[in-house]
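> heads up, no residue letters with this:
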């Protein structure tokens, strides 16, 4: 379906395919229209397009929302070294399992768009939308791939998307909102969740005792939260050793939540990267399933914080 208004020349091309899928974050109205430097809903609510190309739906959000600039720069440097490339390949391969042509992929908590870009590379013709609360990360996500668009959003709130908008939802080291993921996925859509195991970066935590640890109860809580909306379609463990130089180790610490409360230190050496990647299938709608909510309570100061090693 084509947009209702002519698309200005400066409008981000990757956002155009999502105009019929996005919903006004203020009133829920469908069919947002492009305008110079903005998106408008039929009721007149207007949302700016940031200069880097993402749509600013989080009006009035705190400047410190999400990852700050030093964390994002550290993540960009670390990911550019290929340290998490095996994880990226696993996510892309599982996303490509069963899909229509072309697929719509939503990356919830997209960060810099690293994993979304990997999926789009694997799915020719697919379109991708990244959601994140960090303005700094979204600057990179909006440029991560020529078929990737980006929108600022808080995952703990109802997503600004139509019912059944997505074929795939990615959740890579990010907060989860099971009921909203269920709502925006199509009936045969899939949710791909990546989370660290207790072995993830264990050697680095031993060398830096102040680093955030992985909750040993994480798996039980995850499956309890997702079970009303999704069924487990299979889990793959991605685990390998990674030799870190001092600069790479420094960036790996600086890109995690640990950087908020300890001084990042470059501690060279070998670490274990260990994560579980699960494909979840959407259950039929259940009257007992909650319509909103997430797997954890949002922190008061900076929105969703990723687990160690995002």
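Done, it's in. Just so it is clear, the structure is predicted and the values come from calculations on it, not from any experiment. Residues are numbered from 1 along each chain as shown.

> Okay, helices next: where are they in the stretch 101-250 of the chain?
With helices called from DSSP state H, counting those that start in this stretch, the stretch 101-250 of the chain shows them at 114-122, 135-141, 178-184, 202-207, 218-226, 246-254.

> What helix or strand is the residue nearest to residue 199 when sequence neighbours are not counted located in?
For residue 199, the nearest residue in space outside its immediate sequence neighbours is residue 274; the separation is 4.0 Å by C-beta to C-beta, 6 or more residues apart in numbering. Using the backbone N, CA and C atoms, a C-beta is placed for each residue, glycine as well. Assigned by DSSP states H and E, residue 274 belongs to strand 269-282.

> elements contacting that strand?
Under the contact criterion of 3 or more C-beta pairs under 8 Å, 6 or more residues apart in numbering; DSSP states H and E, the helices and strands touching strand 269-282 comprise helix 85-95, strand 185-196, helix 202-207, strand 230-244, helix 246-254.

> What's the end-to-end length of stretch 189-205?
Start-to-end span of stretch 189-205 (C-alpha to C-alpha, to the nearest Å) is 37 Å.

> Could you confirm residue 71 falls within a helix?
Yes: looking at residue 71 with DSSP: H, G, I helix; E, B strand; the rest coil, it is inside a helix.

> ok, how many other residues are close to it?
Other residues lying near residue 71 total 24 when counted by other C-beta atoms under 10 Å.

> ok, now residue 97?
Using other C-beta under 10 Å, residue 97 is surrounded by 12 other residues.

> Next: residue 217.
9.

> For it, which residues are in contact?
Contact analysis of residue 217 by C-beta atoms under 8 Å, 6 or more residues apart in numbering lists nothing.

> so how far is residue 154 from it?
Here the distance between residue 217 and residue 154 works out to 25 Å (C-beta to C-beta, to the nearest Å).

> try residue 49
In this structure, residue 49 and residue 154 are 19 Å apart, going by C-beta to C-beta.

> Could you do residue 232 as well?
With C-beta to C-beta as the criterion, residue 232 and residue 154 are 27 Å apart.

> which of those two has more neighbours?
Neighbours were tallied for residue 232 and for residue 154 using other C-beta under 10 Å; the higher tally belongs to residue 154 (22 against 13).

> want to throw the helices and strands packed on strand 269-282 into a markdown table with mean pLDDT and distance to residue 213?
Conversion of the helices and strands packed on strand 269-282 to a markdown table gives the following (pLDDT from 0 to 100; distance: least, C-beta to C-beta, whole Å):
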| stretch | mean pLDDT | distance to residue 213 |
| --- | --- | --- |
| helix 85-95 | 96 | 19 |
| strand 185-196 | 95 | 10 |
| helix 202-207 | 89 | 6 |
| strand 230-244 | 96 | 17 |
| helix 246-254 | 91 | 14 |
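
> Make CSV out of these and add distance to residue 175.
Compiled in CSV, the helices and strands packed on strand 269-282 are given as follows (distance: least, C-beta to C-beta, whole Å):
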stretch, distance to residue 175
helix 85-95, 17
strand 185-196, 11
helix 202-207, 21
strand 230-244, 16
helix 246-254, 21
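
> between these, which gets nearest to residue 42?
If you check each of those against residue 42 by C-beta to C-beta, strand 185-196 wins as the nearest, at 24.5 Å.

> now the closest one against strand 230-244, angle please.
Counting by axes from the mean of the first three to the mean of the last three C-alpha atoms, to 10 degrees, strand 185-196 points 40 degrees away from the direction of strand 230-244.

> Excluding sequence neighbours, find me the nearest residue to residue 26.
On the basis of C-beta to C-beta, 6+ apart, the spatially nearest residue to residue 26 that is not a chain neighbour turns out to be residue 45, at 4.5 Å.

> Run through the residues that contact that neighbour.
For residue 45, the contact set (C-beta under 8 Å, 6+ apart) comprises 24, 26-27, 29.

> what's the neighbour count on residue 43?
10.

> can you tell me how far it sits from residue 172?
Residue 43 sits 34 Å away from residue 172, taking C-beta to C-beta as the criterion.

> Repeat that for residue 83.
Spatial separation of residue 83 from residue 172 under the definition C-beta to C-beta is 14 Å.

> Just want to know which of these two has more residues nearby.
Looking at residue 83 and residue 172 with other C-beta under 10 Å, you find the greater number of neighbours at residue 172, namely 26 against 19.

> Pairing partners for that one in the sheet, please.
Listed beta-bridge partners, residue 172: residue 194 (assigned using DSSP bridges).

> pretty sure it contacts residue 191?
No: shown here, residue 172 and residue 191 do not form a contact pair, counting by C-beta atoms under 8 Å, at 11.4 Å.

> Please name the residues that touch the residue lying closest to residue 75 once chain neighbours are set aside.
Taking C-beta to C-beta, 6+ apart, and ignoring the residues beside it in sequence, residue 75 has residue 255 as its nearest neighbour in space, at 3.9 Å. Taking C-beta under 8 Å, 6+ apart, we find residue 255 in contact with 67, 71-72, 74-75, 78, 310.
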